[in-house]
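Visitor: task: produce atomic coordinates for the following.
(one chain, ligands or ions: 1)
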Amino acid sequence: MSEYIIKGGRKIEGEVKISGSKNASLPIIAASILNQGTTTLYNVPDIHDTQMMFEILKKLGGKVTKKKNKIIIDTSKISEYEIPEELMRQMRSSVIFVGALLGKHSKATFSYPGGCDIGARPIDLHLKTFEKLGINISKNYGNITCNCDKIIGEKIDLDFPSVGATENAILVACLAKGETIITNAAKEPEIIDLQNILNKMGANIKGAGTDTIQINGVTKLKDVSYNIMPDRIEAGTFLCVAAMTGGNITIKEVEANNITPLIHKLEETGCKIEIQKNEIKMQAPKRLKAVDIKTMPYPGFPTDMQSIFATTLTIAKGTSIITENLFENRYKYVQELIRMGAKIDIEGKTAIIKGIKKLYGANVTATDLRGGAALVMAGIAAKGETKINNIEYILRGYEKFEQKLNNIGANIKLVKNGINIF
Ligand code: UD1
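Guide: Okay, here's the model as predicted:
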């Protein structure tokens, strides 16, 4: 078991370079299956979730080689169509392999996915999408088999703009016969990244980033070299920790257009923000002002920033109201923040935060990836020492988190089985 030990009362100041996007990397790693050759990726973050995706690829018969800053994936020998249950259970995003396997073999066997416990997270929209494309689905004691002779393009109207279901629909349709049109599609920037790499491989996809995506099936894809987009949630996390500690920060290699609602909310709290090309500079005031946020699908305020922004507001002046519209269980971290002195009441999907002057260090537990990152931020801002256990959740999604934070003024030790790592 690993834990973070954080000496608090620090101001975050300096420069940080943003890593490649986790949520763009995961479907892109799965997409490599559709190419019967080599996919070379740059800027893949070295985190637990990408490592798990590579493990699944290897179990399916793929070869993954790391060379300095690039990952070379060879999928020419993939013949398996069954995703191992123990890997499926470890991460929700494993479900994205189903679309790629169906696109390649017209067949896939898998079990229900696991992942962060932030709500029910069903996969009904994914399965409905497959059915729409003429794929038969049979369920047997938690195992699901999807198959059909030949996938033919169709019109798919999603009941909700699910990110994963949109990505799976694109993956299945890429090599299908004819035209597929997805309406009420998710508009997240990571879907544009998926479209971009697939088109570079020879696919014919238009419309990602809007609510209608049109895919004209092609017969074959080709080798590709691709640079993954920057991680917008990591960028948001660093901006928020600087804001919370009254600091100033320069975020490098970021796409500011992808975090517009976050930038507007930080400005509302009193932060001064300057955007230049791929860089954001931010100066926080001594004390932030309270603001309200409501999470929504993109381009709304991202649910993945909810816990991080709410934590920032625990020491703002005034009362903030947070409304979580996407995941029903995304307030688990609140109990931990209360141990640190935060004043937060939860009523259904709303959190009412009464800003206090200071948080105090405590022993707390990370309950999910972003909620865990939020506790790290609270620990940096708090008076005294904070110990966070269960940090495996945080390591799933942040590359060199403690090193990056220590470089800009934090004091965090990573302790693994009682041994100091950093
Ligand atoms: C992706 C992101 C995750 C982010 C989420 C919402 C990745 C790897 N993960 O997750 O970080 O928090 O988008 O922006 O990109 N739903 C159903 N049935 C389904 C699928 C989804 O009811 O079949 C519901 C979910 O329970 C949730 C909502 O739809 O309430 C949004 O989920 P979705 O957009 O699918 O999220 P993910 O793709 O899982």
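
Visitor: near the ligand, which residues of the stretch 251-400 of the chain are found?
Guide: 303-304, 326-327 (Cβ under 6 Å from any ligand atom). C-beta here means a position set from N, CA and C on the backbone, and glycine is covered the same way.

Visitor: would you reformat those as a markdown table and include distance to S93?
Guide: Putting those into a markdown table (distance: Cβ to Cβ, whole Å) gives the following:
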| residue | distance to S93 |
| --- | --- |
| T303 | 16 |
| D304 | 13 |
| L326 | 16 |
| F327 | 15 |
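
Visitor: residues near Y298, how many?
Guide: 19 (other Cβ atoms under 10 Å).

Visitor: nearest spatial neighbour of it, chain-adjacent residues omitted?
Guide: E188 (4.4 Å; Cβ to Cβ, 6 or more residues apart in numbering).

Visitor: go on, S225?
Guide: T40 is the one closest to S225 (Cβ to Cβ, 6+ apart), at 4.3 Å.

Visitor: and if you look at M201?
Guide: Closest to M201 by Cβ to Cβ, 6+ apart is L221, at 4.1 Å.

Visitor: what is the burial count for that neighbour?
Guide: Per other Cβ under 10 Å, the neighbour tally for L221 reads 25.

Visitor: residue contacts, the closest residue to K354 other than its chain neighbours?
Guide: Closest residue to K354 in three dimensions, ignoring its sequence neighbours and counting by Cβ to Cβ, 6+ apart: K343, at 4.1 Å. Taking Cβ atoms under 8 Å, 6 or more residues apart in numbering as the contact definition, K343 lies against 314, 353-356.

Visitor: quick check, nearest of those residues to G270?
Guide: Checking those against G270 with Cβ to Cβ, the nearest one is G355 at 12.5 Å.

Visitor: and the closest one, how many residues sit next to it?
Guide: 18.

Visitor: try the one 3 residues further on
Guide: Counted with other Cβ under 10 Å, the neighbours of K358 add up to 14.

Visitor: ok, it to L375 distance?
Guide: 16 Å (Cβ to Cβ, to the nearest Å).

Visitor: ok, I73 next?
Guide: 34 Å.

Visitor: same deal with Y393?
Guide: Counting by Cβ to Cβ, the gap from Y393 to L375 is 10 Å.

Visitor: okay, and the common contacts of those two?
Guide: Common neighbours of Y393 and L375 (Cβ under 8 Å, 6+ apart) are A366.

Visitor: of these two, who's got more company?
Guide: Neighbours were counted for Y393 and for L375 using other Cβ under 10 Å; L375 has more, 30 against 22.

Visitor: show the contacting residues for the more buried one.
Guide: 311, 333, 336-337, 364, 366, 386, 388.

Visitor: now those residues in CSV, with pLDDT and secondary structure?
Guide: Supplementary listing: those in CSV, determined by pLDDT from 0 to 100; DSSP: H, G, I helix; E, B strand; the rest coil:
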residue, pLDDT, secondary structure
T311, 98, helix
Y333, 96, helix
E336, 98, helix
L337, 98, helix
V364, 98, strand
A366, 96, coil
T386, 98, strand
I388, 98, strand
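
Visitor: highest neighbour count among those residues?
Guide: Highest neighbour count within those, by other Cβ under 10 Å: T311, with 30 neighbours.

Visitor: surely that one touches C240?
Guide: Yes. Here T311 reaches C240: they are 7.5 Å apart, a contact under Cβ atoms under 8 Å.

Visitor: give me the common contacts of these two.
Guide: M377.

Visitor: for the stretch 251-400 of the chain, just list every one of the strands.
Guide: Taking DSSP state E, counting those that start in this stretch as the test, the strands found in the stretch 251-400 of the chain are 272-276, 279-283, 293-294, 319-323, 343-347, 350-354, 363-365, 385-389.

Visitor: same list (the ones you listed) but as TSV, adding distance to R89.
Guide: Converted to TSV, the strands of the stretch 251-400 of the chain look like this (distance: least, Cβ to Cβ, whole Å):
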stretch	distance to R89
strand 272-276	41
strand 279-283	37
strand 293-294	32
strand 319-323	31
strand 343-347	29
strand 350-354	30
strand 363-365	21
strand 385-389	22
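
Visitor: still on that earlier bit, the residue nearest to S225 against I72, yeah?
Guide: Yes. Using Cβ under 8 Å as the test, T40 is close enough to I72 to be in contact (5.2 Å).

Visitor: can you pull the buried residues of the helix or strand where T50 lies?
Guide: Element membership for T50 (DSSP states H and E) is helix 48-59. By 16 or more other Cβ atoms under 10 Å, the buried positions in helix 48-59 come out as 48-50, 52-57.
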